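Novice: here is a sequence with its predicted model. Questions after.
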Amino acid sequence: MQTQRRSVLRKLFASLVGVSGLSLVAKAKTNSNDEKEVDGIVYDQEVPLFSQSTKLGNLIFIAGQGAHFEGDIKSHTDHVLKSMEEQLVKAGSSMEKVLKVSVFLNDIKDYAGMNEVFKGRFGKNPPVRTTVAVAAGGVPGNSLVEMDCMAYI
């Protein structure tokens with residue numbers, strides 16, 4: 001039971017790391033039992049740092065999706081939303097079942113362009129949303145926008 005709970009907690013933490021866009025930077029040390037410790041958190045070495053998506057009950061958490069190619073905010077937003085939709089469908093959900101979206105803009109000046117593409121993509125009842133411009137350094141992978149979401153199945 002404790003091992004199962006620890007596994008669920010690891011998956012939830014990993015999804016939250018991906019969802020929030022955080023990254024862990026630390027010295028990693030390997031234990032004799034094939035586990036890796038990062039900042040006091042132990043990961044099985046065969047498990048990646050985070051997943052593209054994870055489920056808990058009837059909830060699905062989709063990790064941050066970015067657009068890693070040359071383009072403007074509209075093409076990046078369209079790509080990100082299509083990637084998010086792919087992950088949702090793969091998990092048995094849809095854009096209409098999204099409850100919350102977090103949007104991370106490389107530049108707040110792109111807010112209007114992102115909104116143009118975002119509008120209407122989630123059906124009649126859009127999800128709640130948080131939009132922020134990231135600090136110096138930008139969105140990872142030179143994307144102009146990154147989004148994550150929570151939905152139900």
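Specialist: Looks like it arrived, so ask away.
Novice: poorly predicted segments of the protein, please.
Specialist: By pLDDT under 70, the low-scoring segments of the chain are 1-48.
Novice: which parts of it are helices?
Specialist: Taking DSSP state H, the helices of the chain run over residues 2-20, 73-90, 111-118.
Novice: what packs against the second one?
Specialist: Using 3 or more CB pairs under 8 Å, 6 or more residues apart in numbering; DSSP states H and E as the contact criterion, the elements in contact with helix 73-90 are strand 59-66, helix 111-118, strand 145-152. No exception for glycine: its C-beta is placed from N, CA and C like everyone else's.
Novice: pretty sure residue 132 contacts residue 105?
Specialist: Yes. Assessed by CB atoms under 8 Å, residue 132 is found in contact with residue 105 at 7.1 Å.
Novice: give me the more crowded residue out of these two.
Specialist: residue 105 (24 against 11; other CB atoms under 10 Å).
Novice: ok, now which ones touch the more buried one?
Specialist: 73, 111, 114, 131, 132, 133, 134, 139, 144, 145 (CB atoms under 8 Å, 6 or more residues apart in numbering).
Novice: that older thread, can I get the helices and strands packed on helix 73-90 in JSON lines with distance to residue 125 and mean neighbour count?
Specialist: JSON lines is the format used below for the helices and strands packed on helix 73-90 (distance: least, CB to CB, whole Å; neighbours: other CB atoms under 10 Å):
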{"stretch": "strand 59-66", "distance to residue 125": "17", "mean neighbour count": "23"}
{"stretch": "helix 111-118", "distance to residue 125": "14", "mean neighbour count": "16"}
{"stretch": "strand 145-152", "distance to residue 125": "13", "mean neighbour count": "24"}
